[in-house]
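In: what follows is a predicted structure for the sequence shown.
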Amino acid sequence: MIEFIQCDVTSWSHLRDTFRRFDRVDMVFANAGISETDELLEDVTGSDGLVAEPEYKVLDVNFRAVLNMIKLSYRVMKGQEEGGSIVLTSSATAYAPERCLPVYSATKLAVRQASSEDNGITVPDHNIDLCSLSLLVSFDRCGQHCCETTSRSTLLRPLQR
């Protein structure tokens, strides 16, 4: 059975409670992602009249939430004889960063690196696969041509079943 459950991926309690609903989880797709909307170096003044700390929603959604998904998925899957698969969505910007999306590009590189077979998160042998998918798109957020119109998937940790 496939079930979609909406939750706030930046909330540890929402994610944890979502995973608690299931006795078994075969596949998890960490696919949430947002793009930056503000300039990192643009000054925003807080209510106290001083420069405010930038918001880091892109980091929270695109990377911290992915790490939390890996943690919670692994916790369920390690207790299953058949294990499971955790699929992380990266981006072409992990390979070719966008000038107008520096924080987004950095988070997608971090996701790719987290699932890297050489230097990524070590998944103890519980028959659990961790891989990352990257899709190349034709135009970046700034409307500039960034690559040819192709689609490519990269499995960084091959499925071995």
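Out: Done, it's in.
In: CA atoms for contacts and neighbours, from now on please.
Out: Noted.
In: strands of this protein, start to end?
Out: 27-30, 84-89, 128-133 (DSSP state E).
In: could I get the ones you listed as TSV with mean neighbour count?
Out: Conversion of those to TSV gives the following (neighbours: other Cα atoms under 10 Å):
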stretch	mean neighbour count
strand 27-30	18
strand 84-89	22
strand 128-133	23
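In: for residue 24, which non-adjacent residue is spatially closest?
Out: residue 76 (6.8 Å; Cα to Cα, 6 or more residues apart in numbering).
In: wait, that neighbour touches residue 27, no?
Out: No: using Cα atoms under 8 Å, residue 76 makes no contact with residue 27, being 10.8 Å away.
In: which residues touch the residue lying closest to residue 109 once chain neighbours are set aside?
Out: Excluding its sequence neighbours, the residue lying closest to residue 109 (Cα to Cα, 6+ apart) is residue 94, at 4.1 Å. Neighbouring residues of residue 94 by Cα atoms under 8 Å, 6 or more residues apart in numbering: 105, 106, 108, 109, 110, 112.
In: tell me how many other residues surround the closest residue to the fifth one other than its chain neighbours.
Out: Read that as residue 110. Spatial nearest neighbour of residue 110, excluding adjacent residues (Cα to Cα, 6+ apart): residue 63 at 7.1 Å. For residue 63, the count of nearby residues is 25 (other Cα atoms under 10 Å).
In: pLDDT value on residue 63, please?
Out: For residue 63, the model assigns a pLDDT of 94.
In: check contacts around it.
Out: Residue 63 makes contact with 107, 108, 110, 111, according to Cα under 8 Å, 6+ apart.
In: which one of the contacts of residue 94 is nearest to residue 22?
Out: residue 112 (27.3 Å; Cα to Cα).
In: what angle do the lowest-mean-pLDDT helix or strand in the chain and strand 84-89 make?
Out: Lowest by mean pLDDT, DSSP states H and E among the helices and strands of the chain is strand 128-133, with a mean of 73. Orientation check (axes from the mean of the first three to the mean of the last three Cα atoms, to 10 degrees): strand 128-133 against strand 84-89 gives 20 degrees.
In: packing partners of strand 128-133?
Out: Judged by 3 or more Cα pairs under 8 Å, 6 or more residues apart in numbering; DSSP states H and E, strand 128-133 is in contact with strand 84-89.
In: what's the strand it packs on packed up against?
Out: If you count contacts as 3+ Cα pairs under 8 Å, 6+ apart, strand 84-89 packs onto strand 27-30, helix 65-77, helix 102-114, strand 128-133.
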